[in-house]
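> only geometry, no sequence info:
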């Protein structure tokens, strides 16, 4: 049971469900998503660059580890290649499984489409996101590994005007509004991921609309000021309820 505090904050519905496994009552859990940075909010005010006939560019910004599902994306790209869809995949970041993914790309014969940037600075990250067409991260959830409690990277991508594609895993469904700011697919499914990416490739207008909707949502619902206000309202609501419960009957 929860001791030493009145409430505990969860950053997603998934995290809330994990807390409930510890016998914490639902009414003791405040659900508040994390905010994006002020720099991400500033990105929302900029116009998304137009892809003038370049290859369909996908990007993942993350630690380069297996939990992020980069291998699923690579297998999906192999399927898209067989369908004649020209793609470029940028993997921004570094990690212990980079060699594994590079070898897999060679095995799938798509190494010419893949670009590993290594470590990127914050300014480089924003430039890369704004130059891409779609953000994709096919994260896994396993009990023994760290995983997406929410998925702030998807919101940051939306802030740059691009739709996000992720899995129905962990807190990602709280970060992506399926069909509105991006697409959700089943975990561990290169086939389903390839279908989602092909849809976005073949429907540029819907892709643009998703990116714009994501940008509006990121700027209005996930700014530090908006999240702080939400948290304040949640705490005030519970304080008022607690005071009413403790007031003697008149």
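Everything's here; your move. Predicted model, so just to flag it, every value in this text is computed and none were measured.
> count of residues packed around the closest residue to residue 165 other than its chain neighbours?
With CB to CB, 6 or more residues apart in numbering as the criterion, residue 165 has its nearest non-adjacent residue at 4.5 Å, and that residue is residue 136. To be clear about C-beta, it is placed using only N, CA and C from the backbone, and glycine gets the same treatment. Using other CB atoms under 10 Å, residue 136 has 31 neighbouring residues.
> OK, contacts around residue 136?
By CB atoms under 8 Å, 6 or more residues apart in numbering, the contact set of residue 136 is 58, 59, 60, 73, 164, 165, 166, 193, 197.
> what ranges do the helices span in this structure?
Taking DSSP state H, the helices of the chain run over residues 13-20, 38-44, 70-82, 98-107, 122-131, 152-159, 172-175, 190-202, 204-221, 224-246.
> and of the ones you listed, who's closest to residue 32?
Smallest distance to residue 32 across the helices of the chain (CB to CB): 4.9 Å, for helix 224-246.
> Now do the same for that closest one: mean pLDDT, whole number.
Over the span of helix 224-246, the pLDDT mean works out to 78.
> now the residue nearest to the spatial centre of the chain: how far from residue 124?
For the chain, the residue nearest the mean C-alpha position is residue 154 (2.6 Å; CA atoms, centre = their mean). Residue 154 sits 19 Å away from residue 124, going by CB to CB, to the nearest Å.
> With residue 27 instead?
With CB to CB as the criterion, residue 27 and residue 124 are 44 Å apart.
> Residue 214 too?
Distance of residue 214 to residue 124, given as CB to CB: 21 Å.
> So which of these two has more stuff around it?
residue 214 (28 against 13).
> how about that one, what does it touch?
155, 157, 158, 159, 161, 162, 163, 164, 177, 180, 181, 182.
> repeat that for 7 Å
Applying CB atoms under 7 Å, 6 or more residues apart in numbering to residue 214 gives the contacts 158, 163, 164, 181, 182.
> Same check on residue 227?
When contacts are counted by CB under 7 Å, 6+ apart, residue 227 touches 32, 33, 34, 35.
> I'd guessed the residue nearest to the centre of the chain sits against residue 175; true?
Yes: in this structure, residue 154 is within contact of residue 175 by CB atoms under 7 Å, at 4.1 Å.
> how is this protein carved up into domains?
Split into domains by automatic domain parsing, the chain comes to 8-35+226-244, 40-221.
> With respect to burial, which of these scores highest?
Burial of these is given as mean neighbour count (mean count of other CB atoms under 10 Å); domain 40-221 ranks first at a mean of 19.
> and that domain, what's its mean pLDDT?
On average, domain 40-221 scores 93.
> Was I right to think residue 126 contacts residue 44?
No: the criterion here is CB under 7 Å, and residue 126 misses it with residue 44 at 11.3 Å.
> from the contacts of residue 227, which is closest to residue 97?
Closest to residue 97, out of all of these and judged by CB to CB, is residue 34, at 25.4 Å.
> re the thing from before, and the two most separated of the contacts of residue 136?
Largest separation among these by CB to CB: 59 and 193, giving 14.5 Å.
> how much space is there between residue 31 and residue 22?
16 Å.
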